[in-house]
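Peer 1: Coordinates for the following, if possible.
(one chain, ligands or ions: 1)
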Amino acid sequence: MEYRLSKEHELFKRAVREYCEKNVAPRSREIDEKENGIPDDIIKGLADIGVFGCTVPEKYGGCAMPGEETQYALTAIHELARAELSMSLPVYTLLTIGWGGEFIALYGNEETKKEILPKLASGEWSWGICATEPGGGSDVAAIKTQAIRKGNKFIVNGEKAYISQVKECQKRGGGHSTLFVSDPAKGVKGGMSMLAVKPNDCKGVTSSVYKDMGRMGLSTGGFRYKDTEVPDKYLLGQEGKGFYACMEGFNVARVVVAAACLGGAERTIEIAAEYAKQRKAFGRPLSKFQGISFDLADLYTQLDLLKTQLMRGAWMIDKYYSEPGSFTQKQINPIIAECKWLAPQLAVEAAKRAIMILGAFGYTKESPLEMAMRGAMSYVSGAEGAANIMKIIIARDIFGSEFVDK
Ligand SMILES: Cc1cc2nc3c(=O)[nH]c(=O)nc-3n(C[C@H](O)[C@H](O)[C@H](O)COP(=O)(O)OP(=O)(O)OC[C@H]3O[C@@H](n4cnc5c(N)ncnc54)[C@H](O)[C@@H]3O)c2cc1C
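Peer 2: Coordinates of the predicted model:
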């Protein structure tokens, strides 16, 4: 076992941290307060140091370390989230490198990879995932939006809801890896397909945007498709097998989501600790009161355990793809579900306790903690799988699926 990052990986981590501390952290409030708030120069800067290319093979303009893509993505997002506590930029990036770079490199055909991957690696396009529908998100197998084959095209009709970066992919270019019903008679076993959908290139797509409580620099909204034509070259994976590809994609996405929560929690604990060393009450620094220091010790322990488990999960996923047969999805699922269940709760709890430690100052917008709490809540309330769904996955591992209700 090796519990250290390789030299190259450590250098990558340091480069991302240095870039983010200098260029991202001072602008996180600005990012949170502006609609479409992610500045182009930051995206370009991150692309230049390899963040958007870290899951894209060199052949397509990226700088992925073969067999370590998910682990590098974890590092990049962890570092970004430390600097951008509102989560807008970490989420924008994790979707683009996860559901874009890594997923399309694994599932796209050669033509699609040549077209899309270089634009993702350079930061020009954004990418995301479109699975949830107005009728529900947890029960992915129950989606209704149809993409029915007609010759060498799919004709799409239906609606997707609560989708991240609806506006960004129309403003900058790009799209979403999207799950459809392609054969209503067959269900999940052979009747669902994933397609790369670029709304700017498709007729019959309209979009709407919601007003979220957090991640204000990034849009969440929905798409409606009315007889929208998508060429079959944009199939991601095998026709009919999209449900399984999507579930595998969720594991990668949940690693980077948990990494974002981990980075946010780590930074909020640091902010609270720095403050507690400086601020005096009753003649002593706050840190000398065990009511304060034990609180942070408690959070720090959970944070450290999460970090190790998350790295293990990312490593298992990378092995799954690079050394077929080394792990099964059934082995990976509960490890990732544990992380995706714990990380958002921890991030929200860390923000809450840090706000308490900073007293009245913590409740103001002079401190970034309220932003951290609003951002992390998106992952408690459901994005990339709600907490209860993660517990169902873990329970299946404990009891066996036949003993666990969906
Ligand atoms: C900010 C934000 C961004 C998002 N971005 C995207 C995106 O980019 N792409 C995308 O496809 N989706 C996205 N989503 C949607 C997200 O995936 C869904 O919110 C999630 O899957 C839950 O679905 P739902 O909201 O419809 O809740 P429901 O499925 O209606 O569930 C509601 C509640 O019931 C619980 N529940 C459901 N079933 C069970 C059960 N069997 N046992 C116990 N409890 C249960 C859930 O845990 C949840 O708390 C986003 C959501 C948010 C909040």
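
Peer 1: mind checking pLDDT for residue 86?
Peer 2: With respect to pLDDT, residue 86 has a value of 94.

Peer 1: Same question for residue 359.
Peer 2: 97.

Peer 1: Any idea how many residues pack against it?
Peer 2: Residues lying near residue 359 (other C-beta atoms under 10 Å) number 12. Heads up, the C-betas are built off the backbone N, CA and C, glycines and all.

Peer 1: burial of the residue in the stretch 151-300 of the chain positioned nearest to the ligand, as a residue count?
Peer 2: Closest to the ligand within the stretch 151-300 of the chain is residue 164: 3.4 Å, counting by C-beta to the nearest ligand atom. Burial of residue 164 is recorded as 27 neighbouring residues (other C-beta under 10 Å).

Peer 1: who does it bridge with?
Peer 2: Beta-bridge pairing for residue 164 (DSSP bridges): residue 220.

Peer 1: Check the gap between it and residue 54 for me.
Peer 2: Look at residue 164 and residue 54: by C-beta to C-beta, to the nearest Å, they are 20 Å apart.

Peer 1: Get me the contact residues on the stretch 1-150 of the chain for the ligand.
Peer 2: 128, 129, 130, 131, 132, 136, 137, 138 (C-beta under 6 Å from any ligand atom).

Peer 1: I meant the stretch 151-300 of the chain, not that one.
Peer 2: 162, 163, 164, 212, 220.

Peer 1: For the third one, give me its contacts.
Peer 2: Going back to what we said before, that points to residue 164. 91, 92, 95, 128, 129, 218, 219, 220, 383 (C-beta atoms under 8 Å, 6 or more residues apart in numbering).

Peer 1: mind listing which of these are in strands?
Peer 2: 128, 129, 220 (DSSP state E).

Peer 1: Could you dump these into JSON lines and include pLDDT and neighbour count?
Peer 2: Putting the ones in strands among the contacts of residue 164 into JSON lines (pLDDT from 0 to 100; neighbours: other C-beta atoms under 10 Å) gives the following:
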{"residue": "128", "pLDDT": "98", "neighbour count": "25"}
{"residue": "129", "pLDDT": "98", "neighbour count": "25"}
{"residue": "220", "pLDDT": "96", "neighbour count": "20"}
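
Peer 1: Excluding chain neighbours, give the residue nearest to residue 101 in space.
Peer 2: residue 55 (3.7 Å; C-beta to C-beta, 6 or more residues apart in numbering).

Peer 1: what residues go with each domain of this protein?
Peer 2: 7-128, 129-236, 242-403 (automatic domain parsing).

Peer 1: could the ones in strands among the contacts of residue 164 go into CSV alongside distance to residue 296?
Peer 2: As requested, the ones in strands among the contacts of residue 164 are exported to CSV (distance: C-beta to C-beta, whole Å):
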residue, distance to residue 296
128, 35
129, 35
220, 32
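
Peer 1: Looking at the residues you listed, which one is closest to residue 181?
Peer 2: Closest approach between these and residue 181, by C-beta to C-beta: residue 129, at 16.4 Å.

Peer 1: doesn't residue 91 make contact with that closest one?
Peer 2: No - Residue 129 is beyond contact range of residue 91, at 11.3 Å (criterion: C-beta atoms under 8 Å).

Peer 1: elements contacting whichever helix or strand residue 208 is part of?
Peer 2: Element membership for residue 208 (DSSP states H and E) is strand 205-209. With contacts taken as 3 or more C-beta pairs under 8 Å, 6 or more residues apart in numbering; DSSP states H and E, strand 205-209 sits against strand 220-231.

Peer 1: C-terminal to the strand it packs on, what's the next element?
Peer 2: The helix or strand immediately downstream of strand 220-231 is strand 235-236, counting by DSSP H and E.

Peer 1: Check which strands are paired with that following strand and give the direction for each one.
Peer 2: strand 192-197 (antiparallel).

Peer 1: Just the CA atoms of the strand it pairs with, as PDB, please.
Peer 2: Taking C-alpha atoms only, strand 192-197 is exported to PDB below (Å, rounded to 0.1, in the frame of the first residue of the first chain):
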ATOM      1  CA  MET A 192     -32.200   3.300 -22.000                       C
ATOM      2  CA  SER A 193     -29.500   5.100 -23.900                       C
ATOM      3  CA  MET A 194     -27.100   8.000 -23.200                       C
ATOM      4  CA  LEU A 195     -26.500  10.700 -25.800                       C
ATOM      5  CA  ALA A 196     -24.200  13.700 -25.800                       C
ATOM      6  CA  VAL A 197     -26.700  16.600 -26.400                       C
END
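
Peer 1: Leaving out sequence neighbours, find the closest residue to residue 254.
Peer 2: Counting by C-beta to C-beta, 6+ apart, the residue nearest residue 254 is residue 340, at 4.0 Å.

Peer 1: residues near the one residue in the stretch 1-150 of the chain that gets nearest to the ligand, how many?
Peer 2: Residue of the stretch 1-150 of the chain nearest the ligand, by C-beta to the nearest ligand atom: residue 137 (2.4 Å). When neighbours are counted by other C-beta under 10 Å, residue 137 registers 20.

Peer 1: repeat for residue 232
Peer 2: For residue 232, using other C-beta under 10 Å, the count is 16.

Peer 1: Please renumber the chain so that the first residue is 711 from this point on.
Peer 2: Taking 711 as the first residue, the last one we looked at is residue 942.

Peer 1: Hmm, residue 863 and it touching each other?
Peer 2: Yes - at 6.2 Å, residue 942 counts as touching residue 863 under the criterion of C-beta under 8 Å.

Peer 1: Surely residue 812 is in contact with residue 962?
Peer 2: Yes - assessed by C-beta under 8 Å, residue 812 is found in contact with residue 962 at 5.6 Å.

Peer 1: shared neighbours of these two, anything?
Peer 2: 780, 783.

Peer 1: sorry, back to before: in the strand holding residue 918, which residues are buried?
Peer 2: Neighbour-count burial for strand 915-919, counted by 16 or more other C-beta atoms under 10 Å, picks out 915, 917.

Peer 1: Please apply the same query to stretch 908-917.
Peer 2: By neighbour count with 16+ other C-beta under 10 Å, stretch 908-917 contains the buried residues 908, 909, 912, 915, 917.

Peer 1: Contacts for that stretch next, please.
Peer 2: Residues contacting stretch 908-917 (C-beta under 8 Å, 6+ apart): 866, 876-877, 879-880, 883-885, 907, 931-940.

Peer 1: Good, wrapping up.
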